[in-house]
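Trainee: sequence unknown, structure follows:
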């Protein structure tokens with residue numbers, strides 16, 4: 001085998017090992033973040049607050065929607081619900 005072919009084969013083998021090592025490091029599951037993480041609390045809360053401000057005042061929807069379940073224990077969300085008419 002010539003020097004050139006050996007060099008190409010060695011380079012390909014090295015790249016394959018580097019790729020395998022990189023993929024092995026990226027197989028860890030991502031850290032689970034709370035939807036109420038301090039960095040996105042404003043964004044999470046703003047969606048239902050904007051809906052109320054735009055006239056969507058169906059209190060039952062806010063109390064039963066599964067997507068809003070993490071918000072229900074929060075004081076700001078409770079204050080938002082208090083603004084809505086009881087059905």
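Mentor: Perfect, I can see it now. The shown structure was predicted, so the numbers you read here are calculated from the model rather than taken from an experiment.
Trainee: Please count neighbours and contacts with C-alpha atoms only from this point.
Mentor: Will do.
Trainee: roughly how far out does the top helix by length along the chain sit from the chain middle?
Mentor: Determined from DSSP state H, the single longest helix within the chain is helix 3-25. Relative to the chain's own centre, helix 3-25 is displaced by 35 Å; criterion: C-alpha atoms, centre = their mean, to the nearest Å.
Trainee: what does stretch 64-81 give?
Mentor: Chain-centre distance of stretch 64-81: 18 Å, with C-alpha atoms, centre = their mean.
Trainee: Stretch 58-71 too?
Mentor: Centroid displacement of stretch 58-71 relative to its chain, using C-alpha atoms, centre = their mean, is 19 Å.
Trainee: tell me the average confidence for it?
Mentor: Taken as a whole, stretch 58-71 has a mean pLDDT of 89.
Trainee: pLDDT below threshold where in this protein?
Mentor: Where the chain drops to pLDDT under 70, the residues are 1, 23-42, 87.
Trainee: same thing but 90
Mentor: For the chain, applying pLDDT under 90 flags the ranges 1-50, 52-54, 66-77, 86-87.
Trainee: the helices in this protein, which residues?
Mentor: Under DSSP H, the chain gives helices at 3-25, 41-53, 59-64, 75-82.
Trainee: If I take the last one and helix 41-53, what angle do their directions form?
Mentor: Comparing the axes of helix 75-82 and helix 41-53 via axes from the mean of the first three to the mean of the last three C-alpha atoms, to 10 degrees yields an angle of 0 degrees.
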